[in-house]
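Undergrad: here you go, sequence then predicted model.
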Amino acid sequence: MTSRPVANGKLPLTELGEMTGRGDRIVMVTAYDHPSGRLADAAGIDLILVGDSAAMTVLGHSSTVPVTMEEMLMLTHAVTRAAERALVVADMPFGSFQVSDEDAVRNAIRFVKEAGADAVKLEGAGPSLSRVAALVGAGIPVMGHLGLTPQSATMLGGFRAQGKTAEKARRLVEDALALEDAGCFSLVLEAVPAPVAARISEQLSIPTIGIGSGPDCDGQVLVLHDLLGLYDGGSPRFAKRYAEIGAEIQSALERFAQEVRSGAFPEEEHTYDMPEAELSAFLSGSKAAPRSQP
């Protein structure tokens, strides 16, 4: 395994491009809180994306659209407090960058200044190109996102693969090149046919990170809740489960409930005692008046 340099504990942003040049795969995980951020960082994950998918996996919404700036700031700050080495990328939620370049810069600054994010991610090309340029001009690193862009899934015909016709595939390549020109330091490709993602990865000088876009991207990302079996919603085709933590958690909770109801918990080892002299003094004191009945 190639060693990866760090500066002040953090993986340098420029190292991502160098990793791609060496053929080292970039690993990114989408996580949303301090415990998962700490575990991802300890596991050697390169990038932690605090995704707006938290709207679905954490907050119980049916899409990513309802999550707010304040909620994303809170979740991002929880992760940045845990990540000592991994770079933390904050997902800009729907409505935080669509209105104007000024809004985009203002909200991105909040992610960096208030939540400690190392970079931000925004979806799409088109109008987003000027947003990317404005953010980069303000000194904020930007990760792009093409293919299935959940914030605009309704316009795309739902949560389905994108770029499956020659014309749409060519448009994805053009958009990817335009995002690179606008200043993105990397690009997420979601649910893009593998040959199209491979062509984009070949033509870009910045790293591509795939999710459901085949093996030829420069890195891969999965949502923590999908890969650990924590999310009880429908899993996308590209999500691979590496554990079934959700089932383990439910089983543990069921055992806890059973032991509480049977009186098996707590046992002596789970309780605190007090010095005998203090206990004797306490027990020999005047009895408390019985509680009045309601």
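TA: All right, it came through fine. Numbering: from 1, shown residues only.
Undergrad: can you tell me how far residue 22 sits from residue 135?
TA: 28 Å (C-beta to C-beta, to the nearest Å). C-beta: built from backbone N, CA, C; applies to glycine.
Undergrad: these two - which one has more neighbours?
TA: The neighbour count for residue 22 versus residue 135, taken as other C-beta atoms under 10 Å, is higher for residue 135 (28 against 10).
Undergrad: tell me where the model's unsure across the stretch 101-250 of the chain.
TA: For the stretch 101-250 of the chain, applying pLDDT under 70 flags the ranges 150, 152-160, 233-235.
Undergrad: quick one, strands of it?
TA: Shown for the stretch 101-250 of the chain, the strands assigned by DSSP state E, counting those that start in this stretch span residues 119-121, 142-147, 186-190, 208-211, 219-223.
Undergrad: now for these, which one comes closest to residue 238?
TA: Between residue 238 and those, the tightest spacing by C-beta to C-beta is seen for strand 208-211, at 6.2 Å.
Undergrad: and that closest one, what's buried?
TA: By neighbour count with 16 or more other C-beta atoms under 10 Å, strand 208-211 contains the buried residues 208, 209, 210, 211.
Undergrad: care to break this protein down by domain?
TA: 14-243, 248-284 (automatic domain parsing).
Undergrad: right, so these: which one is the most enclosed?
TA: Stretch with highest mean neighbour count among the domains of the chain: domain 14-243 (a mean of 19; mean count of other C-beta atoms under 10 Å).
Undergrad: what about that one, start to end distance?
TA: Between the start and the finish of domain 14-243 there is a gap of 32 Å, counting by C-alpha to C-alpha, to the nearest Å.
Undergrad: how about JSON lines for the strands of the stretch 101-250 of the chain, with distance to residue 278 added?
TA: Below are the strands of the stretch 101-250 of the chain laid out as JSON lines (distance: least, C-beta to C-beta, whole Å):
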{"stretch": "strand 119-121", "distance to residue 278": "56"}
{"stretch": "strand 142-147", "distance to residue 278": "60"}
{"stretch": "strand 186-190", "distance to residue 278": "61"}
{"stretch": "strand 208-211", "distance to residue 278": "60"}
{"stretch": "strand 219-223", "distance to residue 278": "52"}
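Undergrad: go through the ones you listed and name the closest to residue 237.
TA: Per C-beta to C-beta, nearest to residue 237 of those: strand 208-211, 10.9 Å.
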